[in-house]
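K.L.:
here is my input, please return the structure:
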Amino acid sequence: MTTRNETALGSAIKIEISLVISATFARGESMFPNTRLIDLSVPLENEAVSEPLPGTIHYVEHQAEGRAQMEQFFGVTPDDLVWSNGEGWAIEEVRMITHTGTHVDAPYHYGRTSAGQPAKTIDKVPLEWCFAPGVVMDVRHIEPGAEITVDDLRGILDRIEYSLKPGDIILLQTGADKRIHSKEYFRQPGLGRDGVLWLIEQGIKVIGIDAYTLDRPFADMVGDFKRTGDGRHIWPAHFAGLTSEYCQIEKLANLDQIPRPHGFMVSCLPIKIKAASAAWCRAVAIVPE
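P.N.:
The predicted model follows:
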């Protein structure tokens, strides 16, 4: 239970942070001095080969549609667009699912309920989950199609001499992002139910991967299902979210550019889409130099 003293202390800390931020901006300084920002995202692309359900982007350019739209909206002619020498604006129309590109999956993606409660949609995911210390776990030694086991995770933590803290954001490095423009992109290892639930038991709320899916590739899950007739081979990592609440970041990139496995922050704040199962994000690592 939170005491009055703890509440007062929390308020005092928030006030102090606010004052520091205000003073920092007033001096024209960076909020993150002596740090490097590393882009962990892939762009949304028109008919990307790395998407089983590729989306489209229609580009409205300055010289044609953009100019025509401005003529319609403002009732002008090209000669009236003095500042732009007769050119209009640029606009893009994006038609693709929320699970395209680098994105965060909400618990609602896995099912209507999580841990017996209504599952959170992406607009209900706490922001604190999406801005937290990051931990890179290198699984490039695990064969494509294989499961990343709890023993694998424990072994990696032993090697990097790190104990997971509640709220850490896990980043699984498969190396698949280096093959994103080929069909080989879909060859990757993935977590299973046991691995996901073990991470959640350690207090983890967000698990990311630099591959198409957190699970093993679809073809491998289907192969195991056909061989055994056991439906538990289908989507076990995702469906673990029905038992315990967590989010995923899928289609990350550039994890190899993070210079150490821990001791940095991750921001993966998703676009706020009402009642959605996922949203695109610009994932970034904030690394002290």
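K.L.:
shouldn't residue 81 be in contact with residue 87?
P.N.:
Yes. Here residue 81 lies in contact with residue 87, judged by CB atoms under 8 Å, at a distance of 6.6 Å. Where you see a C-beta, it was placed from the backbone N, CA and C, and this is true even at glycine.
K.L.:
residues shared between the contacts of those two?
P.N.:
residue 67 (CB atoms under 8 Å, 6 or more residues apart in numbering).
K.L.:
backbone phi and psi for the nearest residue to residue 91 once chain neighbours are set aside, please?
P.N.:
In space, and not counting its chain neighbours, residue 91 is closest to residue 60: 4.2 Å by CB to CB, 6 or more residues apart in numbering. Main-chain dihedrals, residue 60, degrees, to the nearest 10: phi -90, psi 120.
K.L.:
how about the strands in the stretch 151-289 of the chain?
P.N.:
169-173, 190-191, 206-209, 247-250, 264-267, 278-280, 284-288 (DSSP state E, counting those that start in this stretch).
K.L.:
for residue 112, find the nearest of these.
P.N.:
strand 278-280 (15.1 Å; CB to CB).
K.L.:
domain boundaries for this protein, per the record?
P.N.:
56-95, 98-288 (automatic domain parsing).
K.L.:
most tightly packed of the ones you listed?
P.N.:
Comparing those by mean neighbour count (mean count of other CB atoms under 10 Å), domain 98-288 ranks first with a mean of 19.
K.L.:
now the end-to-end length of that one.
P.N.:
32 Å (CA to CA, to the nearest Å).
K.L.:
so for it, what's the average pLDDT?
P.N.:
Throughout domain 98-288, pLDDT has a mean value of 98.
K.L.:
now do that domain: distance to the chain's middle.
P.N.:
Distance of domain 98-288 from its chain centroid, counting by CA atoms, centre = their mean, to the nearest Å, is 9 Å.
K.L.:
run through who's touching stretch 45-52.
P.N.:
42, 54-57, 96, 100-101, 180-183, 185, 212, 218, 251.
K.L.:
which pair of the residues you listed spans the longest distance?
P.N.:
57 and 218 (25.0 Å).
K.L.:
any idea which residue of the protein is furthest from its center?
P.N.:
Residue farthest from the centre of the chain, counting by CA atoms, centre = their mean, is residue 79 at 45.1 Å.
K.L.:
can I assume it sits in a helix?
P.N.:
Yes. Membership of residue 79 in a helix is supported by DSSP: H, G, I helix; E, B strand; the rest coil.
K.L.:
secondary structure class for the residue nearest to it when sequence neighbours are not counted?
P.N.:
Leaving out its chain neighbours, the residue that sits closest to residue 79 by CB to CB, 6+ apart is residue 86, at 6.7 Å. Classification of residue 86 using three-state DSSP returns coil.
K.L.:
and residue 72, what helix or strand is that in?
P.N.:
Assigned by DSSP states H and E, residue 72 belongs to helix 65-74.
K.L.:
from residue 213, how far off is residue 59?
P.N.:
The gap separating residue 59 from residue 213 is 29 Å, by CB to CB, to the nearest Å.
K.L.:
so what's residue 216 closest to, chain neighbours aside?
P.N.:
Here the residue nearest residue 216, using CB to CB, 6+ apart, is residue 190, at 3.8 Å.
K.L.:
same question, residue 268
P.N.:
In space, residue 268 is closest to residue 283, 4.3 Å off (CB to CB, 6+ apart).
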